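1. using only what follows, build the 3D model:
(one chain, ligands or ions: 1)
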Amino acid sequence: MTRREFLRRCALVGIGAAVSPFFPSVAEASWYIPSALPGVSVRPTHLKFGILENRFVTDCIVVHHIGMANDDDVSASSVHEWHLNNGWSGIGYHFLIRKDGTIEQGRPLGTIGAHVYGENNHTVGINLAGNFEIGAPTEAQKVSAARLIASLCTVYQLDPMWQGTVKGHRDLNATVCPGRHLYAQLPDIVQQARIYYSSEEMQTERLRIAQREREEEERRRELLRARMEEAKRRNGMTRPSHPTPSAPNPPVQPPPEKPGLKPNKRPDLPKPNPSPAQRRIAT
Ligand SMILES: [Zn+2]
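-> Numbers count the residues shown, from 1 in each chain. Below is the predicted model of the structure:
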């Protein structure tokens with residue numbers, strides 16, 4: 001697990017403690033599912049899904065279009081029907097943004113989607129209704145997409161501007177999705193998402209998430225301490241925690257004294273000859 005993944009997983013601990021009806025009871029271990037998304041309102045759709053799997057890592061948001069023959073608006077429940085007819089568990093995208101900017105709930109956010117081949121287990125899928133090979137996304141759709149991206153980045157602790165946070169479907173699979181007109185506007189949408197992401201509301205949300213993270217960490221430590229205490233107590237009653245040594249340990253020898261620091265000895269110099277008799281005297 002990379003550090004980013006680890007941080008993200010930690011970040012989401014505690015957020016989903018209370019799962020709202022908005023996110024169905026698909027995940028019993030719901031700690032990684034945010035109970036609400038800050039800064040956006042998502043219309044609940046109450047769709048019924050087949051078997052879904054939980055997603056434990058989220059490091060990328062993938063943008064799609066519907067890409068039908070026309071550029072018409074379409075609802076999440078229609079896409080849900082199509083995808084059920086494909087034999088899938090239901091709509092493969094987590095969100096669908098209607099032409100009027102309404103964000104509709106698709107597949108529950110904490111579950112693995114079915115929207116990008118080979119990359120579903122770490123991505124969230126957003127679909128903008130329309131065919132953007134033909135038409136262009138509406139202003140309302142672009143604003144909603146930017147707000148939704150900012151919100152998702154806040155709860156999953158991603159920066160929208162990081163390379164790889166927001167991708168068009170065509171960046172990952174061989175497809176024209178999300179259509180050239182939307183794909184060309186993705187950088188602007190991401191830029192706008194960064195502005196929402198930096199807003200006071202999102203900053204407050206990030207602080208709140210960090211606070212929950214700390215509290216959760218403290219709870220975990222407390223639990224661990226309690227378990228260790230319990231184990232110690234049980235061990236103490238039934239058997240000693242380690243065998244008694246048959247003989248006492250030998251006394252610890254004091255460490256040898258360090259030699260004192262002495263000034264370096266001067267190199268031996270020839271001693272002055274004590275017998276002057278041997279001295280040659282000039283005559
Ligand atoms: Zn797509």
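2. what's the local residue count around residue 203?
-> Neighbouring residues of residue 203 were enumerated by other C-beta atoms under 10 Å; the total is 12. All C-beta spots, glycine's among them, are computed from the backbone N, C-alpha and C.
3. need the pLDDT of it.
-> Confidence at residue 203, expressed as pLDDT, is 92.
4. ok, now residue 86?
-> Taken from the predicted model, the pLDDT recorded for residue 86 is 92.
5. number of residues surrounding it?
-> Counted by other C-beta under 10 Å, the residues lying close to residue 86 total 11.
6. ok, it - contacts?
-> Taking C-beta atoms under 8 Å, 6 or more residues apart in numbering, we find residue 86 in contact with no residue.
7. check the gap between it and residue 63 for me.
-> Spatial separation of residue 86 from residue 63 under the definition C-beta to C-beta, to the nearest Å is 21 Å.
8. nearest residue to residue 148 in space, please, no chain neighbours.
-> Counting by C-beta to C-beta, 6 or more residues apart in numbering, the nearest residue to residue 148 once its immediate chain neighbours are dropped is residue 40, at 5.4 Å.
9. would you agree the one you found is in contact with residue 147?
-> Yes: under the contact definition of C-beta atoms under 8 Å, residue 40 touches residue 147, with a separation of 4.9 Å.
10. more crowded one of those two?
-> Neighbours were counted for residue 40 and for residue 147 using other C-beta under 10 Å; residue 147 has more, 24 against 17.
11. number of residues surrounding the closest residue in space to residue 119 that isn't next to it in sequence?
-> Take residue 119 and drop its neighbours on the chain: the residue closest to it by C-beta to C-beta, 6+ apart is residue 172, 5.3 Å away. The tally of other residues near residue 172 (other C-beta under 10 Å) stands at 17.
12. which of the residues in whichever helix or strand residue 217 is part of are buried?
-> Residue 217 belongs to helix 200-238 when elements are defined using DSSP states H and E. By neighbour count on 16 or more other C-beta atoms under 10 Å, the buried set for helix 200-238 is 202, 205, 206, 209, 212, 213, 216.
13. which regions of the stretch 101-250 of the chain sit below the pLDDT cut-off?
-> Along the stretch 101-250 of the chain, the model assigns pLDDT under 70 to residues 237-250.
14. and it, which residues reach the ion?
-> Proximity of the stretch 101-250 of the chain to the ion is confined to 169, 177 under the rule C-beta under 5 Å from the ion.
15. number of residues surrounding the residue lying closest to residue 132 once chain neighbours are set aside?
-> Nearest residue to residue 132 in three dimensions, chain neighbours excluded: residue 179, at 2.7 Å (C-beta to C-beta, 6+ apart). The local packing of residue 179 (other C-beta under 10 Å) involves 27 other residues.
16. residue 183 too?
-> Residue 183 is surrounded by 19 other residues when neighbours are defined as other C-beta under 10 Å.
17. again with residue 103
-> For residue 103, the tally of surrounding residues (other C-beta under 10 Å) stands at 22.
18. once you drop chain neighbours, what's closest to it?
-> residue 42 (4.8 Å).
19. isn't that neighbour up against residue 98?
-> No: checked against C-beta under 8 Å, the pair residue 42 and residue 98 is beyond contact range at 11.6 Å.
20. count of neighbours near residue 153?
-> For residue 153, the neighbour count with other C-beta under 10 Å is 25.
21. show me where the stretch 1-150 of the chain has its helices.
-> With DSSP state H, counting those that start in this stretch applied, the stretch 1-150 of the chain shows helices at 3-11, 76-85, 139-155, listed in chain order.
22. residue 114: which of those is closest?
-> Checking these against residue 114 by C-beta to C-beta gives helix 76-85 as the closest, at 7.0 Å.
23. would you indicate which residues of the closest one are buried?
-> Along helix 76-85, these residues count as buried under the neighbour rule (16+ other C-beta under 10 Å): 76, 79, 80, 83, 84.
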